[in-house]
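S.K.: Predicted model, plus sequence, below.
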Amino acid sequence: MKSQAYLLLFLFFFTSGILIAQEVSIGERHNFNSEILNEQRSYQVYLPPSYYTSPQAEFPVVYLLDGDYNFHYDSGLIEFLSDSAFTIPEMILIGISDKGGKKQIENSDPKKNADNFIRFIQSELKPLINRTHRTSNLDILIGHSKFGILATHYWMTNPKDFDVFLAIDPSYWFNDFEIVKRLENLLQEGFNPSAKLYIAQASTEGMGIDELVTVLEKETPEHKNWQLNPYPEDNHGSLHLKAITDVLNSVFEGWDIDRKTFNSFKNGYDVINHYKTLNDKYNSEFLLPWSSLGNITYFYIRKNQPENLNQLEEGILAHFPSSLEEYKIQLANNYLSSDNQDEAEKLFNACLIKNPDSYKALEGLSKIAVSNKDIAVARTYLEKSIAIAKEKKVRQYYLNVLHSNLNELKKN
């Protein structure tokens, strides 16, 4: 009887655990029928945190070949770089699924179905993504190994489709170095695309990268539209995340304003011009990093430089309107930490008038209510903030903070 009781107790807790378990997923999978490939195709989509909370913002897109293999860790890397390291803007990631086996090899082979697969990407997939998502004008294509061949072949045949191509330890030896020989002929005929090809090279021997780079060095020694990034300490697989990190950081060099750069700025207009240069390069409006907005507004408040704050707001309104709410939130938070409650409250309320779903503004008003010892009002603001944050798919770590603050309020 005792053993039966233990078994029943175990089953109770085990089944209870199943009932309360929640699925944690990264991205969404979509399917559509491709007329060009005459089959159903799949792709995965990762959307950054601000996609749901900044409804006017547009985002650059990274297209990932062999998406089923690389999507999960590459999406995590992109979110880390954009929302934790703050070295790149937030981005959409599209993982292009493959069919595996023979078809996968044929679709990456320039002598077989690669051109048809490229037509599928340029004529069906990219237009679909642009119709269904808020995309900017910057597109990046990434391929590893045999898909590095496809990325390079794409750059050679349709370079205007993407602004940046990354081939990670590509198998240029394939088809008896056919792509190396063809590139040499192309370059001698005047091939000179504006899009840039990055080649990441691991310690793997015999990949044909040295041979292709020799051709590039000979025909285009100025390195204007190509760059080799060697990783002699890495193998064919371990360089993957490093290669993507280095290329994205290179594309958005200067996105994270370091202290030396900031100290060189004379005023708020210089901050705007710094980011505007990066935006204009790709004819896009990227969301400004909230961390930089927070640090810069804190500095101007602490140094009592309202003219620079005015210049900053004027520039954001003119060139980065999608970042205006986040600017005001960061400014309000810094006023609040500087004991200027009145200015903070004005800004939080202004954000709510413009966007009733501004969960950060509600969170800020909750803090003001707490400082005024109006706990009931503080709870109301915070409960509404949490409800909106959940609806907007705010990341769990932020929800944890909001819930923790609410639990503290409930103790009063």
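M.R.: Arrived safely, thanks for sending. Residues are numbered from 1 along each chain as shown.

S.K.: quick one: the helices in the stretch 301-412 of the chain?
M.R.: Secondary structure of the stretch 301-412 of the chain by DSSP state H, counting those that start in this stretch: the helices cover 306-319, 324-337, 341-354, 359-371, 375-391, 396-410.

S.K.: Is it possible to get a markdown table of the ones you listed that adds mean pLDDT, mean neighbour count and distance to Thr87?
M.R.: Quick note: C-beta positions are derived from backbone N, CA and C, even for glycine. Output for the helices of the stretch 301-412 of the chain, formatted as a markdown table (pLDDT from 0 to 100; neighbours: other Cβ atoms under 10 Å; distance: least, Cβ to Cβ, whole Å):
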| stretch | mean pLDDT | mean neighbour count | distance to Thr87 |
| --- | --- | --- | --- |
| helix 306-319 | 97 | 16 | 20 |
| helix 324-337 | 98 | 22 | 18 |
| helix 341-354 | 97 | 17 | 27 |
| helix 359-371 | 97 | 22 | 23 |
| helix 375-391 | 97 | 18 | 25 |
| helix 396-410 | 94 | 13 | 19 |
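
S.K.: Tell me which of the ones you listed sits nearest to Ala200.
M.R.: Distance to Ala200, taken as Cβ to Cβ, is lowest for helix 396-410 among the helices of the stretch 301-412 of the chain, at 31.0 Å.

S.K.: Show me what that closest one is packed up against.
M.R.: Packing contacts for helix 396-410, counted by 3 or more Cβ pairs under 8 Å, 6 or more residues apart in numbering; DSSP states H and E, involve helix 359-371, helix 375-391.

S.K.: could you give the angle of it to helix 375-391?
M.R.: Between helix 396-410 and helix 375-391, the angle comes out at 160 degrees (axes from the mean of the first three to the mean of the last three Cα atoms, to 10 degrees).

S.K.: and after the worst-scoring helix or strand of the chain on mean pLDDT, which helix or strand comes next?
M.R.: Sorting the helices and strands of the chain by mean pLDDT, DSSP states H and E puts helix 2-20 at the bottom, at a mean of 45. Heading C-terminal from helix 2-20, the first helix or strand you meet, by DSSP states H and E, is strand 28-34.

S.K.: Switch the helices and strands packed on helix 396-410 over to a markdown table; also include distance to Gly76.
M.R.: As requested, those are exported to a markdown table (distance: least, Cβ to Cβ, whole Å):
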| stretch | distance to Gly76 |
| --- | --- |
| helix 359-371 | 24 |
| helix 375-391 | 21 |
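
S.K.: what about Lys224, which helix or strand?
M.R.: Lys224 belongs to no helix or strand when assigned by DSSP H and E.

S.K.: now Leu212
M.R.: Element membership for Leu212 (DSSP H and E) is helix 209-219.

S.K.: According to the record, where do the domains of this protein fall?
M.R.: Residue ranges for the domains of the chain, per automatic domain parsing: 28-251, 259-410.

S.K.: out of everything not next to it in sequence, what's closest to the residue positioned nearest the centre of the chain?
M.R.: Closest residue to the average C-alpha location of the chain: Met91 at 2.7 Å, with Cα atoms, centre = their mean. Of all residues not flanking Met91 in the chain, Pro60 sits nearest, at 4.9 Å (Cβ to Cβ, 6 or more residues apart in numbering).

S.K.: wait, what's in contact with that neighbour?
M.R.: Applying Cβ atoms under 8 Å, 6 or more residues apart in numbering to Pro60 gives the contacts 89, 91-92, 135-136, 138-140, 282, 284, 286.

S.K.: From the residues you listed, which land in strands?
M.R.: Residues of these located in strands (DSSP state E): 92, 135-136, 138-140.
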